[in-house]
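**Q** From the sequence below, what's the structure:
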Amino acid sequence: QVQLVESGGGSVQAGGSLRLSCAASGRTDCSLSMNWHRQAPGKEREFVATSYGNGASSYSDSVKGRFTISEDTGKNMLYLQMNSLQPEDTAMYYCTAVVRSLCGGGVVWGLGTQVTVSS
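**A** Reported below is the predicted structural model:
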């Protein structure tokens, strides 16, 4: 199975930047895609960005142009560079991995890292 550990969260003022990291271990070859999700207080979890491992990526409309997802496959690391942060970006950010069906399928979640943006 894949294990995911996030880091890099913190508190910043609006307009600031943070870079989140996610360390993957275990059966990383079972990951079909690596993603970031987030959950704000009182809200449902929402998709933020996906990296397909071949250089392709996609983003939610709310972060497009401000956030950049990237991977270092040699180090089994996933990153999320977040620029121009706004108070509405305040949330717990989760690294996730979509697992290949041949490896059992499903989605693996990390424990999350908190991002707080003050106005």
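
**Q** Apart from its chain neighbours, what residue comes closest to the residue of the chain positioned farthest from its centre?
**A** Largest separation from the mean C-alpha position in the chain: Leu102, at 23.6 Å (Cα atoms, centre = their mean). Nearest residue to Leu102, sequence neighbours excluded (Cβ to Cβ, 6 or more residues apart in numbering): Cys30, at 7.8 Å. (Each C-beta comes from the backbone N, C-alpha and C, glycine too.)

**Q** confidence score at the one you found?
**A** pLDDT recorded at Cys30 is 91.

**Q** How about the backbone phi and psi for it?
**A** phi -90, psi 0 (degrees, to the nearest 10).

**Q** Number of residues surrounding it?
**A** 18 (other Cβ atoms under 10 Å).

**Q** The one 10 residues further on now?
**A** Neighbourhood size, Ala40 [other Cβ under 10 Å]: 14.

**Q** Leaving out chain neighbours, which residue sits closest to it?
**A** Distances taken as Cβ to Cβ, 6+ apart put Ala91 closest to Ala40, at 4.2 Å, once the chain neighbours are dropped.

**Q** What's the mean pLDDT across the helix or strand encompassing Val98?
**A** Element membership of Val98 [criterion: DSSP states H and E] is strand 91-99. Per-residue pLDDT values over strand 91-99 give a mean of 96.

**Q** one step back: I'd say the residue nearest to Ala40 and Arg38 touch.
**A** Yes: applying Cβ atoms under 8 Å as the test, Ala91 and Arg38 come out as touching, 3.9 Å apart.

**Q** Now do the strands for this protein: every range, in order, please.
**A** 2-7, 10-13, 18-26, 31-39, 46-51, 57-59, 67-72, 77-82, 91-99, 107-109, 113-118 (DSSP state E).

**Q** Enumerate the positions of the fifth one that are buried.
**A** Neighbour-count burial for strand 46-51, counted by 16 or more other Cβ atoms under 10 Å, picks out 48-51.

**Q** try the third one
**A** Going by neighbour count (16+ other Cβ under 10 Å), the buried part of strand 18-26 is 18, 20-22, 24.

**Q** swap in the last one?
**A** Burial within strand 113-118, assessed by neighbour count using 16+ other Cβ under 10 Å, is assigned to 113, 115, 117.
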